[in-house]
Each structure stands twice: as structure tokens, then as C-alpha cells.
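>>> When you get a sec, could you give me coordinates for this:
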Amino acid sequence: MVARDPDAADAPLEPLPWHFKLLVGAIALYLGWRAVQGVEWVVRQF
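Residues are numbered from 1 along each chain as shown. A predicted model of the protein is given here:
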């Protein structure tokens, strides 16, 4: 069994790297645009 540091849960998290935030933003924009295209496609089907 591994002993745990009781203060480890209270330690602050490391900040996220800027390129991870950029990736998440780019994915959100891409999926948002694809959702708009999907709605347009559905509207054109009727």
C-alpha cells in the first residue's frame, strides 16, 4: 500500500498551457461551425 500525502489534495493545480487552450478553442469553433452546417442541411431537407 502506498502512503498518501494528506496535503496533496489541497495543492494548487498547474495552469493549463496556452496551446491546450488554443486547441480547445479551435475544436469548439470547428464543432460549432459543423453544427451550423448540420442545421442548414436539415432545414434544406424539408
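>>> where does this protein dip in pLDDT?
Scanning the chain with the threshold set as pLDDT under 70 gives 1-9.
>>> those helices in the chain, which residues are they?
In the chain, the segments counted as helices under DSSP state H are 18-45.
>>> List the residues that contact residue 12.
Under the criterion of CB atoms under 8 Å, 6 or more residues apart in numbering, the contact list for residue 12 is empty. No exception for glycine: its C-beta is placed from N, CA and C like everyone else's.
>>> and it, how far is that from residue 45?
Going from residue 12 to residue 45 by CB to CB, to the nearest Å gives 51 Å.
>>> cool, and residue 10?
Separation of residue 10 from residue 45 (CB to CB) stands at 54 Å.
>>> and what of residue 14?
Taking CB to CB as the measure, residue 14 falls 47 Å from residue 45.
>>> Ok, residue 28 next?
Distance, residue 28 to residue 45, using CB to CB: 26 Å.
>>> And the two? Which one has more around it.
Between residue 28 and residue 45, counting by other CB atoms under 10 Å, residue 28 is the more crowded of the two (10 against 6).
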